[in-house]
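okay, predicted coordinates and the sequence, questions at the end:
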Amino acid sequence: MKKFNKGFTLIELLIVIALLGALAVGLLAALDPFEQLKKGTDTGVRNMVSEIHGSAIRYYAIKNQMPWGLTTMSGTAAGRISDINAIVSTGELKSDFSTLAGDGALSQIIMVGGTDSLTVCYQPKSKSFRSDNNTKYDSGGTALSGCPSGTSSTCYWCVN
């Protein structure tokens with residue numbers, strides 16, 4: 001009478017573990033965790049760009065002038081905290097907007113405005129956002145030809 005042992009041999013287990021390891025490495029390479037982090041950051045900054053632009057337009061509708069008055073404004077949002085605070089005073093942005101956004105995120109935003117216009121831009125870090133069809137402007141909000149290239153460091157995503 002033959003005696004059968006139930007279970008797997010050591011060789012079978014090692015083969016299965018090796019296959020699972022190879023699949024895990026392939027999946028990790030396909031997901032690219034650093035790219036996912038960049039996409040998350042870009043999503044947050046893009047939402048902030050849209051919020052700043054929308055709130056400034058609403059401020060203009062209430063006050064009949066932009067937050068910086070009747071002059072032309074140019075520069076980064078970090079240097080424009082007083083303009084953001086003016087928007088906060090009308091209730092168009094939350095009172096802790098600058099704190100929640102953080103200096104790092106605000107420093108990525110470029111605001112260019114005239115007496116009745118505003119362009120808010122940022123430079124995407126992730127590949128997918130750099131190749132987005134809306135990433136086609138220079139830092140002043142002027143449309144460029146040749147964007148999106150997916151790797152260009154001169155293209156910005158803007159709201160006009």
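That came in fine, so what should we check first?

how about the helices of this structure, start to end?
For the chain, the helices defined by DSSP state H cover 10-31, 33-63, 81-89, 97-106, 127-130.

which helices and strands sit right next to the shortest one?
Helices and strands in packing contact with helix 127-130 are listed as helix 33-63; criterion 3 or more CB pairs under 8 Å, 6 or more residues apart in numbering; DSSP states H and E. For the C-beta atoms, the positions are set from N, CA and C on the backbone; glycine is no exception.

quick revisit: looking at the helices of the chain, which is nearest to Thr71?
helix 81-89 (11.3 Å; CB to CB).

for that closest one, what is the distance to the chain centroid?
Relative to its parent chain, helix 81-89 has a centroid offset of 22 Å by CA atoms, centre = their mean, to the nearest Å.

what are the contacting residues of that helix?
Here helix 81-89 makes contact (CB atoms under 8 Å, 6 or more residues apart in numbering) with 52, 55-56, 59, 67-68, 73, 77, 93-95, 97-98, 106, 111.

and that helix, what's buried?
By neighbour count with 16 or more other CB atoms under 10 Å, helix 81-89 contains the buried residues Asp83, Ile84, Ala86, Ile87, Val88.

and stretch 111-124, by the same measure?
Buried, per 16+ other CB under 10 Å, within stretch 111-124: Met111, Val112, Gly113, Leu118, Thr119, Val120, Cys121, Tyr122, Gln123, Pro124.

Serialize the buried residues of helix 81-89 to TSV and add fields for distance to Asn5 and pLDDT.
Formatted as TSV, the buried residues of helix 81-89 follow (distance: CB to CB, whole Å; pLDDT from 0 to 100):
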residue	distance to Asn5	pLDDT
Asp83	77	80
Ile84	73	82
Ala86	80	83
Ile87	75	86
Val88	74	87
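
quick one: the residue nearest the centre of the chain and Gln108, what's the gap?
The chain has Asp42 as the residue nearest its centroid, 1.6 Å off, counting by CA atoms, centre = their mean. From Asp42 across to Gln108, the span is 9 Å (CB to CB, to the nearest Å).
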